[in-house]
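K.L.:
Sequence below, structure please.
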Amino acid sequence: MDLQPNLNLFFEWLRGANSLLKIGVFFLIWAIAWLPIAIPIAWQFNWHPTKPLKQALKLALLAPLYAIAPLIVWGAATIEKSSFAEYGLTWQPKFFLSTVAGLSLGIGGLIVVFTVERSLGWLQWQTENLPRLRSVIFPLLALALWISITEELIFRGFLLDELQQNYTIAVAAIVSSTIFALLHLIWERAQTIPQLPGLWLMGTILVGARLVDDGSLGLACGLHAGWIWGLSSLDSAQLLSYTGKGNPWITGIGGQPLAGIAGILCLFGTGAILSVGFLKFFY
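P.N.:
Below you'll find the model as predicted:
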């Protein structure tokens with residue numbers, strides 16, 4: 001039996017469907033493609049959903065999930081008669097310059113936040129652990145870039161463009177950022193729930209970064225990677241510790257900056273810088 005005519009009809013129907021339905025189909029196909037890989041990994045680690053998710057298992061599950069993501073997006077782009085370039089992912093010099101600019105802004109924001117908290121006595125630097133940083137800093141940079149490029153392609157690329165077919169850019173930004181925040185609950189619900197407002201705001205700031213960058217994902221990828229790289233480097237090398245003098249609602253509940261006022265202010269500050277045309281200083 002020739003399935004091609006039926007597939008063509010399905011693709012034609014899907015192209016004309018509402019954006020939210022197409023996004024639902026996208027995530028369903030992504031999950032179906034990932035589960036045959038994820039289930040044996042979970043069995044190998046003797047894990048089931050009621051158990052806490054350890055870091056090693058999380059990385060083992062994330063690696064194939066993110067590895068197949070570009071293929072799923074490529075399939076969606078093919079059906080939509082679009083491309084990665086239209087989603088904002090290109091390999092032009094401007095993209096790389098924007099990524100470097102975003103990295104600088106992301107790291108710079110973290111430096112400001114932690115410097116202020118250190119001056120107030122809310123945290124202290126563990127300088128004796130500096131040698132640890134040398135062994136993790138470059139692998140974590142590569143990991144941060146991989147995660148950020150993948151997530152930006154999906155959430156600020158494919159999702160945002162799809163939503164704009166039926167909704168305004170404001171609604172598209174709100175919905176894509178909400179999906180972005182809620183999907184983090186898959187991994188660590190207890191730690192993620194206090195971070196949901198921060199994750200949502202982070203998503204909207206990254207939408208703004210794409211708009212400022214004339215539709216390119218370079219700036220958004222750099223910002224996202226800078227935040228991941230900076231925080232994961234500090235955590236892996238154990239370079240700082242909180243003294244307990246600062247209110248967790250300010251420094252971040254559970255030591256998570258996005259779950260505190262300081263992290264929220266950092267995001268607002270980043271948004272303010274973007275709003276005055278940060279990229280002018282880099283070109």
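K.L.:
Identify each of the strands in the stretch 151-283 of the chain and give its residue range.
P.N.:
Secondary structure of the stretch 151-283 of the chain by DSSP state E, counting those that start in this stretch: the strands cover 240-242.
K.L.:
meant to ask about the stretch 1-150 of the chain
P.N.:
Here the stretch 1-150 of the chain has its strands, by DSSP E, counting those that start in this stretch, at 123-125.
K.L.:
Can you list the low-confidence ranges for the stretch 151-283 of the chain?
P.N.:
With pLDDT under 70 as the threshold, the stretch 151-283 of the chain has low-confidence stretches at 277-283.
K.L.:
change it to 50
P.N.:
278-279, 281-283 (pLDDT under 50).
K.L.:
buried sites along stretch 231-251?
P.N.:
Applying a neighbour-count criterion of 16 or more other Cβ atoms under 10 Å, one finds 231, 232, 233, 234, 236, 237, 239, 240, 246, 250, 251 buried in stretch 231-251. For the C-beta atoms, the positions are set from N, CA and C on the backbone; glycine is no exception.
K.L.:
Now for the closest residue to residue 72 other than its chain neighbours: which residues touch it?
P.N.:
In this structure, residue 72 finds its nearest non-sequential neighbour in residue 30, 4.7 Å apart by Cβ to Cβ, 6 or more residues apart in numbering. Residue 30 is in contact with 65, 68, 69, 72, counting by Cβ atoms under 8 Å, 6 or more residues apart in numbering.
K.L.:
can we see that at 10 Å?
P.N.:
Contact partners of residue 30, counting by Cβ atoms under 10 Å, 6 or more residues apart in numbering, are 65, 68, 69, 71, 72, 73, 75, 76, 154.
K.L.:
all helices of the stretch 101-250 of the chain, in order?
P.N.:
In the stretch 101-250 of the chain, the helices defined using DSSP state H, counting those that start in this stretch lie at 130-151, 160-163, 169-183, 189-192, 196-212, 218-237, 248-251.
K.L.:
mind checking which of those is nearest residue 104?
P.N.:
Nearest to residue 104 among the helices of the stretch 101-250 of the chain is helix 218-237; the distance by Cβ to Cβ comes to 7.2 Å.
K.L.:
any idea how far that closest one is from the chain center?
P.N.:
Its chain's C-alpha centre and that of helix 218-237 lie 10 Å apart, by Cα atoms, centre = their mean, to the nearest Å.
K.L.:
Same check on stretch 122-137?
P.N.:
Between the centre of stretch 122-137 and the centre of its chain there are 24 Å (Cα atoms, centre = their mean).
K.L.:
Give me the average confidence score over that stretch.
P.N.:
If you average the pLDDT over stretch 122-137, you get 90.
K.L.:
now the end-to-end length of it.
P.N.:
For stretch 122-137, the first-to-last residue distance is 25 Å (Cα to Cα, to the nearest Å).
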